[in-house]
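1. Below are the sequence and a predicted model for it; my questions follow.
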Amino acid sequence: MDTLRREVLSERVRLVKPSGIRRFFDIINTMPEVISLGIGEPDFVTPEHISQAGIRSIQQGHTHYTSNYGTLELRQEIAAMLLHRYGLTYDPKTEILVTVGVSEGVDLDIAAAITPRTKMILLGNPNNPTGAVVPRDQLEGIAQLAIEHDLIVAIDEVYSRLVYDTEHASIAAMPGMRERTILLDGFSKAYAMTGWRVGYVAAPAYILEAMLKIHQYTIMCASSSAQEAALEALRHGEDDVKIMHEAYARRRRMFVDGLNRIGLTCCEPRGAFYAFPSIAQTNLTDDEFTEKLLFEEKVAVVPGSAFGAAGAGHVRCSYCTAYDKLEEALVRMERFLKKHR
Ligand SMILES: Cc1ncc(COP(=O)(O)O)c(C=O)c1O
């Protein structure tokens, strides 16, 4: 079997490590008593009118491929929204591509923009796993650096609607940046639409054209019903975004204060729905902490090192779960810390 596996599978793929986060999900799914702070998706279901738009689209027989770029209607709506939010003008015919979630957009960036001399800054703002939001003056610094060194900037803004007590600024809207920025955003987080798999890329035509080539050969187009649901989200989903944002903001205040109170010191996360406390006050590695917390107290978090070596010594706690569950998680974590201090 091992020899067969070796012959059939590419060496490169075999050596890819499974996601540290997935490993925990698989365990958690067998433990119903667990409070999961591991998952990075809204606990809300997609707002009813958005789901209905998707259902209607299927019932009306809109079950065919769309343009590789995505439906023109959706692209026009995205362009109008980007103009409204950032004052940015994109041509919906050549500068916007509807993708299968932001995840697909990130892959296309990377694939389309790599040359032997590739230099690119890839930035997630707001950030997963830390919840940090890059302040405007720092973004301006990064923009200046990109211009000075003639770099492309790919910016993943999937959490752009989820910022608290601060503003979200897009680097694409800074002077001289539109022509060198690949802006990635989507519907998963703001509209609780993770399972619909729809996002978009806005970029200058010369970059988008290269991305489209890869997209059309690998994906063809995003799901047609998901695109119609996304259109409804953009046109009539603003109140839903606000309601969910309020719930996250309330949970964030209570949970982050709670973490700091029990001794898991945590910088103020101003975006997304994650807190990223240090576990320095225990003598455990982040892997040990996560495993023991799961089996001893039935609380699931994600080890910081699952996001790279710089995350070691921290754990990611998602607060997109019910308020009372977050309160109970803090009680359990406090008990755990007393044991492992
Ligand atoms: C920074 C970041 N980008 C992209 C994604 C995935 O977004 P989508 O569901 O639109 O593919 C996630 C999901 O957790 C994320 O944290």
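-> Nice, thanks for sending it over.
2. Surely Val302 and Arg316 touch.
-> Yes - counting by Cβ atoms under 8 Å, Arg316 is a contact partner of Val302 at 4.3 Å. To be clear about C-beta, it is placed using only N, CA and C from the backbone, and glycine gets the same treatment.
3. intersection of neighbour lists for these two?
-> The overlap between the contact sets of Val302 and Arg316 (Cβ atoms under 8 Å, 6 or more residues apart in numbering) consists of Gly38, Pro129.
4. ok, these two, which is more surrounded?
-> Neighbours were counted for Val302 and for Arg316 using other Cβ atoms under 10 Å; Val302 has more, 29 against 25.
5. quick one: that one from Pro126, how far?
-> Distance, Val302 to Pro126, using Cβ to Cβ, to the nearest Å: 17 Å.
6. just Leu259 next, same as before
-> According to Cβ to Cβ, Leu259 and Pro126 sit 18 Å apart.
7. of those two, who's got more company?
-> Higher neighbour count among Leu259 and Pro126: Pro126, with 27 against 23, using other Cβ under 10 Å.
8. For the closest residue to the ligand within the stretch 1-150 of the chain, report the pLDDT, please.
-> Closest approach of the stretch 1-150 of the chain to the ligand (Cβ to the nearest ligand atom) occurs at Gly101, with a separation of 2.5 Å. Here, the pLDDT recorded for Gly101 equals 95.
9. Quick one: residues in contact with the helix or strand hosting Leu208.
-> Assigned by DSSP states H and E, Leu208 belongs to helix 205-218. Identification of contacts with helix 205-218 by Cβ under 8 Å, 6+ apart yields 68-69, 91, 94-97, 99, 104-105, 108-109, 111-113, 152, 182, 201, 203.
10. Narrow those residues to those in strands?
-> Ile96, Leu97, Thr99, Ile152, Ile182, Val201 (DSSP state E).
11. How about the contacts made by the residue lying closest to the first one once chain neighbours are set aside?
-> Translated: Ile96. Nearest residue to Ile96, sequence neighbours excluded (Cβ to Cβ, 6 or more residues apart in numbering): Arg75, at 4.4 Å. Counting by Cβ under 8 Å, 6+ apart, Arg75 touches Tyr69, Pro92, Lys93, Ile96, Val98, Tyr200.
12. Check for me that Arg75 belongs to a strand.
-> No - counting by DSSP: H, G, I helix; E, B strand; the rest coil, Arg75 is not found in a strand; it is helix.
13. Filter the contacts of helix 205-218 down to the buried ones.
-> 68-69, 94-97, 99, 104-105, 108-109, 112-113, 152, 182, 201, 203 (16 or more other Cβ atoms under 10 Å).
14. that older thread, doesn't Lys189 make contact with the residue of the stretch 1-150 of the chain closest to the ligand?
-> No - judged on Cβ under 8 Å, Gly101 makes no contact with Lys189 at a distance of 10.4 Å.
15. Please say which of these two ends up with more neighbours.
-> Counted by other Cβ under 10 Å, Gly101 and Lys189 do not tie: Lys189 has more neighbours, with 26 against 22.
16. so is that one in a helix, a strand, or just coil?
-> coil.
17. list the contacts for it?
-> Glu41, Pro42, Val158, Tyr159, Arg161, Leu162, Ala272, Phe273.
18. Ok, Glu327 next?
-> Glu327 is in contact with Met254, Gly258, counting by Cβ under 8 Å, 6+ apart.
19. mind listing what's buried in the strand or helix carrying it?
-> Following DSSP H and E, one finds Glu327 within helix 323-340. For helix 323-340, burial by neighbour count (16+ other Cβ under 10 Å) applies to Lys325, Leu326, Ala329, Leu330, Met333, Glu334, Phe336, Leu337.
20. pLDDT at the first one, what is it?
-> Same thing as Lys325. 96.
21. Please apply the same query to the last one.
-> As summarised for this prediction, Leu337 has a pLDDT of 97.
22. same deal with Met333?
-> 98.
23. Kindly report the same for Thr115.
-> Per-residue pLDDT puts Thr115 at 67.
24. what sits against the residue of the stretch 201-341 of the chain found nearest the ligand?
-> Closest residue of the stretch 201-341 of the chain to the ligand, Cβ to the nearest ligand atom: Ala272 (7.2 Å). Going by Cβ under 8 Å, 6+ apart, Ala272 touches Pro126, Asn127, Asn128, Gly131, Tyr159, Leu162, Lys189.
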